[in-house]
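Asker: Sequence first, then the predicted structure, then my questions.
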Amino acid sequence: TRDFLETSRPDEEDGTCVGMLMIVRNDTIRKVWRKAIWPGTEMVYIGDTPQGDQMRIYYFKGAEV
């Protein structure tokens with residue numbers, strides 16, 4: 001999904017979408033995948049929601065924040 005969105009963004013010229021945010025609610029994934037940056041996905045841990053779910057973010061190549 002990340003690769004598809006990154007290569008087919010219709011908003012690339014106006015820069016309205018610079019990346020994607022993922023909320024991880026699966027208990028098994030939250031307990032097993034504890035690395036700050038997930039290998040192969042480059043999704044970066046940025047904190048937890050008030051409900052305790054992980055938040056992870058990925059910025060598309062060339063994104064300016």
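Answerer: Okay, I see it. Numbering: from 1, shown residues only.
Asker: Correct me if wrong, but Lys61 is in a helix.
Answerer: No - if the criterion is DSSP: H, G, I helix; E, B strand; the rest coil, then Lys61 is coil and not within a helix.
Asker: Which phi and psi values does the most centrally placed residue in the chain adopt?
Answerer: Of all residues in the chain, the one closest to the mean position by Cα atoms, centre = their mean is Ile57, 2.9 Å from it. Backbone geometry at Ile57, expressed as degrees, to the nearest 10, gives phi -130, psi 150.
Asker: check contacts around it.
Answerer: Listed by Cβ atoms under 8 Å, 6 or more residues apart in numbering, the contact set of Ile57 reads Gly19, Met20, Leu21, Met22, Met43, Val44, Ile46. Where C-beta positions appear, they are placed from N, C-alpha and C, glycine not excepted.
Asker: in stretch 55-65, what's buried?
Answerer: Arg56, Tyr58, Phe60 (16 or more other Cβ atoms under 10 Å).
Asker: Kindly apply the preceding question to stretch 30-45 instead.
Answerer: Neighbour-count burial for stretch 30-45 flags Trp33, Trp38, Met43, Tyr45 (criterion: 16+ other Cβ under 10 Å).
Asker: which stretches of the chain form helices?
Answerer: For the chain, helices defined by DSSP state H occupy the ranges 2-7, 27-32.
Asker: and Val18, how far is that from Phe60?
Answerer: 6 Å (Cβ to Cβ, to the nearest Å).
Asker: Compile the buried residues of stretch 55-65 into a markdown table and extend it with columns for distance to Asn26 and pLDDT.
Answerer: A markdown table is the format used below for the buried residues of stretch 55-65 (distance: Cβ to Cβ, whole Å; pLDDT from 0 to 100):
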| residue | distance to Asn26 | pLDDT |
| --- | --- | --- |
| Arg56 | 12 | 96 |
| Tyr58 | 18 | 95 |
| Phe60 | 24 | 88 |
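Asker: Among these, which one sits closest to Pro50?
Answerer: Arg56 (16.3 Å; Cβ to Cβ).
Asker: The closest one contacts Leu21, doesn't it?
Answerer: Yes - using Cβ atoms under 8 Å, Arg56 is in contact with Leu21, at 7.3 Å.
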